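Visitor: Next come a sequence and a model predicted from it.
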Amino acid sequence: MPATPASPPVSARNLGLLAGLALIAIAPLLLGTGNYMLGLLISALILAGLALSWALLGNLGGMVSFGHAAFFGVGSYASALMAAKLGVPVLLAIPLAGAIAALSALAMLPALRLSGPYFALAILAYAQIFRILATEASWLTGGAAGLQRYPGLPTVLGLDFSSRAGSYTLVLLAVAISAAVYVAVRRSYVGTALRAIAESEDATRVVGVNSFVLKIWMLLLSAFIAGVFGALNAHIIGFLEPDYAFSGIWSVMPIIAAVFGGYRSVLGPVFGAVVIYLFDQLVAKSLIPVGHQILLGFLLAIMVLVAPNGMSGLVTRLTGRRAGGQHAAA
C-alpha cells in the first residue's frame, strides 16, 4: 500500500526562524562585546517583546491596537518610581510594573465593546491620555523634564545586568519567557476558545463561551508583557520623559515588526522585530539620515505583497514546497 505523504512537522516549518533566533542569541559571541552592537540588539529585543505582546492581542484576542505605547509608558514609569521612591528592588519592580500596566488597561474596558478600527483608535486615544497625565503630574513623574535619578539594573550572583552583556541576557530571557507564555495560551482552552470566537463570535456565545471576559484577559496579559518591557527599557537607558515613554513609536514599530515577521506565529514577531530594527539602524539611517523610517514602509509593503503572512508564512510556504517536492521525487 503506498505511503500517504505526510505534511512537514511544525518544528520543520519554523526551522528557518528558529535558526535565525539562535543566531540572535549567539550574536554577541560572533560580533564580540562591542557596546554599539550590543546596544542595538538590546533595543531590537525590547521591540521584539513589545511586538509579541501586540501579536498576542491581535492574533488571539482579535483586537488591533494602536496604543501599546500606553502600556509601555506606564510600565516604564511604574518601575522607575517604585525603585526610586519606594526602594523596591529593581528585579521585583519590573514584574510589578507589568502588573500595574495591566491594571491601567482596566480603564480601557469600555473600548472592548468596539471592534475593528474603532477599537484601535480608542486605544490610541488612551495612550495620549496617559502621556498627558504623565506630563501634568510633575509632583510624581517630574513632568516634561522627566526622571533621571532612579536605580539601574542590579548585579546578581556576580552577573552585572547593568552592563551591555548583562542587559542583553536579561532582555533575551524576558523575550523567551514571553514567547513561552504565548505558546502556552495558544495551546490552552482559552486559545481554542479565542480561535473559535474569531471564526464566529455568535456561535461560541451560544455554547456558553464568554467572549468579553476572554478578551479582557488577553488585553490584561498583553498589557502586562508590554509593561515589563517598558520597565526593562527604562532601567537600561536610565532616563524617562513622557514624550519618550509614551511615544507613538512604541505603538507603530511593534505593528510593523509583527506584520513583517508574521503576527499569526510566535516566532514571527520576534524575528521581524530584530530584522526591522537592525535594518532601520544599520541600513536605512545610513541611506536617509532624516526620515529614514520611510524605508520601513517600503520594506513592509514589499513583504505584504510577496508574503501576506509575513516572514513566518514565507518560510512555511517554502518549507512546504520543498517537502512536497521531496515526496514527489520519492
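Guide: Received the coordinates, thanks. Residues are numbered from 1 along each chain as shown.

Visitor: I'd like the average pLDDT over stretch 74-92.
Guide: For stretch 74-92, the mean pLDDT works out to 95.

Visitor: From the chain's centroid, how far away is it?
Guide: 21 Å (C-alpha atoms, centre = their mean, to the nearest Å).

Visitor: ditto for stretch 260-270
Guide: Offset of stretch 260-270 from its chain centre (C-alpha atoms, centre = their mean): 10 Å.

Visitor: Okay, buried residues for the longest helix along the chain please.
Guide: Counting residues, the longest helix in the chain under DSSP state H turns out to be helix 211-237. Buried positions in helix 211-237, judged by neighbour count with 16 or more other C-beta atoms under 10 Å: 211, 214-216, 218-237. C-beta here means a position set from N, CA and C on the backbone, and glycine is covered the same way.

Visitor: got it, and stretch 237-247?
Guide: Along stretch 237-247, these residues count as buried under the neighbour rule (16+ other C-beta under 10 Å): 237, 240-242, 244-247.

Visitor: check contacts around Ile255.
Guide: Residues counted as contacts of Ile255 (C-beta atoms under 8 Å, 6 or more residues apart in numbering) are 54, 66.

Visitor: quick one, the helix or strand harbouring it and helix 211-237 angle?
Guide: When elements are assigned from DSSP states H and E, Ile255 belongs to helix 249-261. Helix 249-261 and helix 211-237 are oriented at 110 degrees to each other (axes from the mean of the first three to the mean of the last three C-alpha atoms, to 10 degrees).

Visitor: for the helix or strand following helix 249-261, packing partners?
Guide: On the C-terminal side of helix 249-261, the nearest following helix or strand under DSSP H and E is helix 267-278. When contacts are defined as 3 or more C-beta pairs under 8 Å, 6 or more residues apart in numbering; DSSP states H and E, helix 267-278 packs onto helix 15-31, helix 35-55, helix 164-187, helix 249-261, helix 310-329.

Visitor: now do 7 Å
Guide: Counting contacts by 3 or more C-beta pairs under 7 Å, 6 or more residues apart in numbering; DSSP states H and E, helix 267-278 packs against helix 15-31, helix 35-55, helix 249-261, helix 310-329.

Visitor: what angle separates it from helix 249-261?
Guide: Here the directions of helix 267-278 and helix 249-261 differ by 120 degrees (the same axes, to 10 degrees).

Visitor: what is the mean pLDDT for helix 267-278?
Guide: When pLDDT is averaged over helix 267-278, the result is 89.

Visitor: So for the next helix-or-strand element following it, mean pLDDT?
Guide: Note on helix 267-278: by DSSP H and E, the next helix or strand toward the C-terminus is helix 285-287. The average pLDDT within helix 285-287 is 82.

Visitor: swap in stretch 300-313?
Guide: On average, stretch 300-313 scores 75.

Visitor: Convert it to PDB, retaining C-alpha atoms only.
Guide: Taking Å, rounded to 0.1, in the frame of the first residue of the first chain, the C-alpha atoms of stretch 300-313 are listed here in PDB:
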ATOM      1  CA  LEU A 300       6.800  46.300   4.800                       C
ATOM      2  CA  ALA A 301       4.800  47.000   1.600                       C
ATOM      3  CA  ILE A 302       7.100  44.600  -0.300                       C
ATOM      4  CA  MET A 303       6.800  41.900   2.300                       C
ATOM      5  CA  VAL A 304       3.000  42.200   2.300                       C
ATOM      6  CA  LEU A 305       2.900  41.900  -1.500                       C
ATOM      7  CA  VAL A 306       5.300  39.000  -1.600                       C
ATOM      8  CA  ALA A 307       4.200  37.200   1.600                       C
ATOM      9  CA  PRO A 308       0.900  38.400   3.200                       C
ATOM     10  CA  ASN A 309       1.500  36.200   6.200                       C
ATOM     11  CA  GLY A 310       5.000  37.700   6.800                       C
ATOM     12  CA  MET A 311       8.400  36.000   7.000                       C
ATOM     13  CA  SER A 312       7.000  33.100   9.000                       C
ATOM     14  CA  GLY A 313       4.400  32.500   6.300                       C
END
